[in-house]
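Asks: Quick one, fold the following:
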Amino acid sequence: MFLQPKRSKFKKTRKGKLSHLEFKSTKLKFGTIGLKAAESGTLTAKQIEAARQAITRKIDRKGKLWIRIFPDLPVTLKPIEVRMGKGKGSVNFWASRVAGGSVLFELCGVTKNTALLAFRTGGAKLPIKTQVFI
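Replies: Numbering: from 1, shown residues only. Below is the predicted model:
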């Protein structure tokens, strides 16, 4: 199963705005090497899970991986060919808003070359530009 909250105060939320740059979570807290978002965007729970699987496969499950983002934004969709009105659609999937410069994944316990290769593969699964940093 993909990442999603156990419970939320409200079933549906408004879209809101996406900030362009992040100033708080830009440094490493847990690992020695990290994957950072170069631009802002939204990541779905499936995309985060696909990146996590790709990274863990490349490191042969040797190091420790931290996921620094969590999909807590419910995204609603109406069925195809439904007329306008009649309220908001049902929750279809969970997503996470990511600002440019925020850390997405952190890794430790593997060599630098292995981590670089793993993060490049994991970053290819995401719809935003990413960069590896130490």
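
Asks: Any buried residues in the longest strand along the chain, and which?
Replies: Determined from DSSP state E, the single longest strand within the chain is strand 90-98. For strand 90-98, the neighbour count (16 or more other Cβ atoms under 10 Å) marks 94-98 as buried. Using the backbone N, CA and C atoms, a C-beta is placed for each residue, glycine as well.

Asks: same check, this time on stretch 33-42
Replies: Buried residues in stretch 33-42 (16+ other Cβ under 10 Å): 33-37, 40-42.

Asks: where do the strands sit along the chain?
Replies: Taking DSSP E to define them, one finds strands in the chain at 33-37, 41-44, 64-67, 73-77, 90-98, 103-108, 130-133.

Asks: Now distance to residue 22 and mean pLDDT too, for these, in a markdown table please.
Replies: Output for those, formatted as a markdown table (distance: least, Cβ to Cβ, whole Å; pLDDT from 0 to 100):
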| stretch | distance to residue 22 | mean pLDDT |
| --- | --- | --- |
| strand 33-37 | 8 | 96 |
| strand 41-44 | 12 | 96 |
| strand 64-67 | 16 | 96 |
| strand 73-77 | 16 | 95 |
| strand 90-98 | 8 | 95 |
| strand 103-108 | 9 | 96 |
| strand 130-133 | 13 | 94 |
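
Asks: Which of the ones you listed sits closest to residue 27?
Replies: Residue 27 lies closest to strand 103-108 among these, at 7.4 Å (Cβ to Cβ).

Asks: mind saving the C-alpha coords of that closest one as CSV?
Replies: Extracted C-alpha coordinates of strand 103-108, given in CSV (Å, rounded to 0.1, in the frame of the first residue of the first chain):
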residue,chain,number,x,y,z
VAL,A,103,15.1,17.5,0.8
LEU,A,104,13.2,14.5,-0.5
PHE,A,105,15.4,11.5,0.5
GLU,A,106,18.4,10.9,2.7
LEU,A,107,20.8,8.0,2.7
CYS,A,108,23.7,6.7,4.8
